[in-house]
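**Student:** just coords:
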Ligand SMILES: [Zn+2]
């Protein structure tokens, strides 16, 4: 699994590999660079010292990551808020583990926060306080689920475009106070609802070049691919206003073409215009808007 220059299990230097190219806070375990739609979450030694017990659940499906805040109850502000809202804000979440001896950061992969739970945990003085646990699932687990459920689950296939849209619009939020097991399943379904709506909106025509889908799937549906306009990766849930149904050629061109960035920006503006006009949706917040229009 790779993300940009990051390769899973490879080790990186915080200053040289994270701060020099991306910026972001030099202190603390949650780094939120202001000019890049990415969040770096660091787990490891210092977390354990403050009573955090970050780590995989017994079944190995979910990584439990404690929020930041050294004393008092943890709150959904700064880094904690960024992780909770990363899907809705179109931010990619990358997890690193600090190495005991070298201080280097081992890349664990890209994750999706599927829910948050509250848990008593000691603060730096040993006083118990109300902590936040983020339930993180590897993004590729959600991509596999996307593929597996495409053929199996047709529960939404009878809905019209408006019904699909309203289902998809509610799909990007993170569940609060929800156990990880149920949340993981729900996020699969959310990804699928968004995918369904976007492909229904495209109606067999590439939303980028306006050509018909190049061929039909084995089930007879036109073949288009969901493309996440704001994010580097195309997996997991997202807000349907920032996902397009595109042909394979446009998809490759956006990701690999010399003019890919320009095409992606034009596509993003066209999709937003359409959604405002047809769906009467709430405008995105300022930071989101700037990123799309920038
Ligand atoms: Zn196309």
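**Tutor:** Perfect, I can see it now. Being a predicted model, the structure only gives us computed values, none of them experimental.

**Student:** only C-alpha atoms from now on, for both contacts and neighbour counts.
**Tutor:** Noted.

**Student:** residue numbers of this structure in contact with the ion?
**Tutor:** When proximity is defined as CA under 5 Å from the ion, the chain approaches the ion at 206, 208, 209, 247, 250.

**Student:** so the fourth one is in contact with residue 223, correct?
**Tutor:** Yes - Residue 247 lies in contact with residue 223 (CA atoms under 8 Å); the separation is 7.4 Å.

**Student:** and the residues of the chain next to the ion, which are buried?
**Tutor:** Among the residues of the chain next to the ion, the ones that count as buried by 16 or more other CA atoms under 10 Å are 206, 208, 247, 250.

**Student:** of the residues you listed, just say which sits nearest to residue 100.
**Tutor:** Residue 100 lies nearest to residue 250 out of these, by CA to CA, at 44.4 Å.

**Student:** how far away from the center of its chain is stretch 205-214?
**Tutor:** 26 Å (CA atoms, centre = their mean, to the nearest Å).

**Student:** partners of the strand ranked longest in the chain in the sheet?
**Tutor:** Longest strand of the chain, by residue count under DSSP state E: strand 105-122. Strand pairing for strand 105-122, using DSSP bridges, gives strand 11-12 (antiparallel), strand 92-98 (antiparallel), strand 128-138 (antiparallel), strand 175-176 (parallel).

**Student:** would TSV of these with mean neighbour count and mean pLDDT be doable?
**Tutor:** Formatted as TSV, the strands paired with strand 105-122 follow (neighbours: other CA atoms under 10 Å; pLDDT from 0 to 100):
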stretch	mean neighbour count	mean pLDDT
strand 11-12	20	96
strand 92-98	22	93
strand 128-138	22	90
strand 175-176	16	63
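
**Student:** which one of the ones you listed lies closest to residue 62?
**Tutor:** Comparing the strands paired with strand 105-122 against residue 62 with CA to CA, the closest turns out to be strand 128-138 (5.1 Å).
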